[in-house]
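Visitor: Test case, fold it:
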Amino acid sequence: IVVSKIGYVQGQNLKRAEAREQAGQPFPDMVKYGDEIWHCLHPEYLEEQLTLSLDRLGLQTLDVCLLHNPEYFLSDAKNRQLTIDAERLAEIRGEFYRRLQQAFQYLETQVKSGRLRFYGVSSNTCTAKHDNPESTSASRMLEAAQAAAREQGLENSHFCVIQLPMNMLEAGALLTSNTGPTHTQTIIEFAQANQLAVLVNRP
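Guide: The predicted structure follows:
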């Protein structure tokens, strides 16, 4: 199984993104987290990166594409504001999941075209407490994926993988109930109930 991750804009990718800006054709929805690290989940960027990944790997079809640390959008919003009240946090999260759904819709088109089999998310904050401004929700990710699939005329999405940190020092995946409509499931319990594969990125 071949897995690739997309989302970071660094190194040569950053140089290309900067060149596009200078040419008046910037990637939409770019998150400029720092001078040397940007992040983007817009379909235009995903299209470029998926093509480059397939070319580098010498493949026509990628088994799994993971959106890499989409929470950079949430972290950037937090860093730009001294305080975030509940109403503002709801607005920020609403925009975050809108962007995820848009990305998922693009990935569903790539499944249809045969360039991709499945997709998912790699997130370091999906194990955080639900009231953490930077936390991501596996249940809302799945809802966004299902909505994206419906927009493509599909009954079921191809969202099937979540990657997260899990080790002796970071046990939130097993111990923190932060998932589901009432935040009563751990992400491991949610993944098992919804037949999602779990990959660990910091064992």
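
Visitor: Any stretches of the chain with poor pLDDT?
Guide: Scanning the chain for pLDDT under 70 picks out 82.

Visitor: Please enumerate the strands of it.
Guide: Under the criterion DSSP state E, strands of the chain are mapped to 3-6, 8-9, 31-34, 37-39, 62-68, 116-122, 159-164, 197-200.

Visitor: buried sites along stretch 75-93?
Guide: S75, D76, A77, K78, I84, L89, I92, R93 (16 or more other C-beta atoms under 10 Å). For glycine as for every other residue, the C-beta is placed from the backbone atoms N, C-alpha and C.

Visitor: what's near enough to touch the second one?
Guide: By C-beta atoms under 8 Å, 6 or more residues apart in numbering, the contact list for D76 reads V31, K32, Y33, H39.

Visitor: The same query, at a cut-off of 6 Å, please.
Guide: D76 is in contact with V31, Y33, counting by C-beta atoms under 6 Å, 6 or more residues apart in numbering.

Visitor: picking up where we left off before, turn the buried residues of stretch 75-93 into JSON lines, columns for distance to T109.
Guide: Formatted as JSON lines, those follow (distance: C-beta to C-beta, whole Å):
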{"residue": "S75", "distance to T109": "28"}
{"residue": "D76", "distance to T109": "27"}
{"residue": "A77", "distance to T109": "28"}
{"residue": "K78", "distance to T109": "32"}
{"residue": "I84", "distance to T109": "34"}
{"residue": "L89", "distance to T109": "31"}
{"residue": "I92", "distance to T109": "27"}
{"residue": "R93", "distance to T109": "25"}
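
Visitor: longest helix anywhere in the chain?
Guide: Criterion DSSP state H: the longest helix present in the chain is helix 86-113.

Visitor: what angle sits between it and strand 159-164?
Guide: Here the directions of helix 86-113 and strand 159-164 differ by 130 degrees (axes from the mean of the first three to the mean of the last three C-alpha atoms, to 10 degrees).

Visitor: now for helix 86-113, which elements pack on it?
Guide: helix 72-80, helix 138-151 (3 or more C-beta pairs under 6 Å, 6 or more residues apart in numbering; DSSP states H and E).

Visitor: and the angle from that helix to strand 62-68?
Guide: Helix 86-113 runs at 160 degrees relative to strand 62-68, counting by the same axes, to 10 degrees.

Visitor: From here on, call the first residue 561.
Guide: Sure, I'll start counting at 561 from here, so that last one is helix 646-673.
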